[in-house]
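Enquirer: Dropping a prediction and its sequence here:
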Amino acid sequence: MNYTFLNDIGTLPKMVTEAMKYLGTKEIPGKQSNPVILNMAKELGIGDIYTNDDTAWCALFISYICKKVGKPIPFAGYHFLRAASFSKWGKAVGRGNAMLGDILVFTRQGGGHVGLYIAETEKTFIVLGGNQGNAVSFTEIAKDRLSDVRRYYSIAPPVSAKKYYVNSSGVVSKNEA
């Protein structure tokens, strides 16, 4: 799927801009781990807790992006690794009101998932996040898996922070672990 529309809509929300810098960052299968992912844990002060990129890292990625852009993170320790921790982050947003840059929290078999709203189709959200196909990537996630939409701006959001509609790729993620 092509997300070049993001290049044409003006200033993006800071979290989206920062997250896109990591597109393509991947886990290293086996005993080794990607030092970029491990560094995210170190910068959050949990390098002793998070020691292998085979462990789910969607929440680690979003926590790291929050830190990089100066957004508050009202939790610490293991909570940096839990998607559900973001269910209380920022302000709650009504289910039909997600917009570019919002944090989306999803349920999945065996846990949760967290990522950034990029756009939507009739039945899915386009999500930018970590640990999606073992990489920082865009993926489609069914709307019926959504548990929370969260937003935080200390000043007004950029004009680009609004709802976007795209065509589905036809490939919907079932499990981001």
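Expert: Right, received. Where do you want to start? Numbering: from 1, shown residues only.
Enquirer: Where does the prediction get shaky in the protein?
Expert: Applying pLDDT under 70 to the chain flags residues 1-2, 177.
Enquirer: Point to the residue nearest the middle of it.
Expert: Gly115 (2.0 Å; C-alpha atoms, centre = their mean).
Enquirer: Show me what the strand ranked longest in the chain packs onto, helices and strands only.
Expert: As assigned by DSSP state E, the longest strand anywhere in the chain is strand 111-120. Judged by 3 or more C-beta pairs under 8 Å, 6 or more residues apart in numbering; DSSP states H and E, strand 111-120 is in contact with helix 14-20, helix 58-69, strand 103-108, strand 124-129, strand 137-142. For the C-beta atoms, the positions are set from N, CA and C on the backbone; glycine is no exception.
Enquirer: let's see 7 Å
Expert: On a contact count with 3 or more C-beta pairs under 7 Å, 6 or more residues apart in numbering; DSSP states H and E, strand 111-120 meets helix 14-20, helix 58-69, strand 103-108, strand 124-129.
Enquirer: which element follows the first one toward the C-terminus?
Expert: The one in question is helix 14-20. The helix or strand immediately downstream of helix 14-20 is helix 35-43, counting by DSSP states H and E.
Enquirer: relative to helix 58-69, how tilted is that following helix?
Expert: 70 degrees (axes from the mean of the first three to the mean of the last three C-alpha atoms, to 10 degrees).
Enquirer: Asn134 reaches Gly24, doesn't it?
Expert: No. Counting by C-beta atoms under 7 Å, Asn134 sits too far from Gly24 to count as a contact (11.2 Å).
Enquirer: Have a look at these two and say which one is more surrounded.
Expert: Taking neighbours as other C-beta atoms under 10 Å, Asn134 and Gly24 compare with Asn134 leading, 18 against 7.
Enquirer: Now for the residue lying closest to that one once chain neighbours are set aside: which residues touch it?
Expert: Of all residues not flanking Asn134 in the chain, Glu27 sits nearest, at 4.4 Å (C-beta to C-beta, 6 or more residues apart in numbering). Counting by C-beta atoms under 7 Å, 6 or more residues apart in numbering, Glu27 makes contact with Asn34, Ile37, Asp53, Asp54, Asn134.
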